[in-house]
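Student: show me how the following folds:
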Amino acid sequence: MVRWILVLIVVLLAGFFGYVKLNSQMPEGLGVTNGQLKVCPESPNCVSTQADPADQEHYVEPFVYSGSRKDIQLRVEALMLEQGAKMVKNTFGYVHFEVKSDIVGYIDDVEFYFPEGDSVVHIRSASRLGYSDFAINRDRVRQIKNLLVD
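Tutor: Below you'll find the predicted structure:
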């Protein structure tokens, strides 16, 4: 009886991790379109500096920086790579990272937009899978901001 329970647990865990792997494809529409990052979905597993400020579930304040746009982008890239993120796309003014959770392997997309002529960094951090992220994306943005803002 115990053997069957263990087999069932192993099968369920393998199925769960297989589900996560198969359903963690990169969403369409990432990047900057007309000066805007992709809109967050209804689910609470996404935060963005370009969400409506009245939307407390999704809105986070953008980063204001001093110095050059190139320097802040390089700082962001170095910080994210130091934290183990994978750089997916990098152009001057925009960078996209994938951040993978340690245990389950959930993937979050973290995008940074550095508009020309404006000393602000816009960020969007969103989970690819699931509904709630237990404020992980909001905490990530807060940590990045604390490390970057002088």
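
Student: how about low-confidence regions in the chain?
Tutor: For the chain, the stretches with pLDDT under 70 are 13-24, 150.

Student: do a quick rundown of the helices in it.
Tutor: 2-22, 69-82, 136-148 (DSSP state H).

Student: so which of these gets nearest Gly105?
Tutor: With C-beta to C-beta as the measure, helix 2-22 is the member of the helices of the chain nearest Gly105 (5.6 Å). No exception for glycine: its C-beta is placed from N, CA and C like everyone else's.

Student: can you redo the helices of the chain as a markdown table with distance to Gly35?
Tutor: Listed next are the helices of the chain as a markdown table, based on distance: least, C-beta to C-beta, whole Å:
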| stretch | distance to Gly35 |
| --- | --- |
| helix 2-22 | 33 |
| helix 69-82 | 14 |
| helix 136-148 | 19 |
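
Student: want to throw these into JSON lines with mean neighbour count?
Tutor: Formatted as JSON lines, these follow (neighbours: other C-beta atoms under 10 Å):
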{"stretch": "helix 2-22", "mean neighbour count": "10"}
{"stretch": "helix 69-82", "mean neighbour count": "15"}
{"stretch": "helix 136-148", "mean neighbour count": "16"}
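
Student: buried residues in stretch 48-63, which are they?
Tutor: Residues of stretch 48-63 classed as buried: Ser48, Thr49, Gln50, Ala51, His58, Tyr59, Val60, Pro62, Phe63 (neighbour count, 16 or more other C-beta atoms under 10 Å).

Student: what residues does the residue nearest to the last one when sequence neighbours are not counted make contact with?
Tutor: Which is Phe63. In this structure, Phe63 finds its nearest non-sequential neighbour in Val121, 4.0 Å apart by C-beta to C-beta, 6 or more residues apart in numbering. Shown in contact with Val121 (C-beta atoms under 8 Å, 6 or more residues apart in numbering): Thr49, Pro62, Phe63, Val64, Tyr65, Ile72, Val76, Phe112, Tyr113, Phe114, Leu148.
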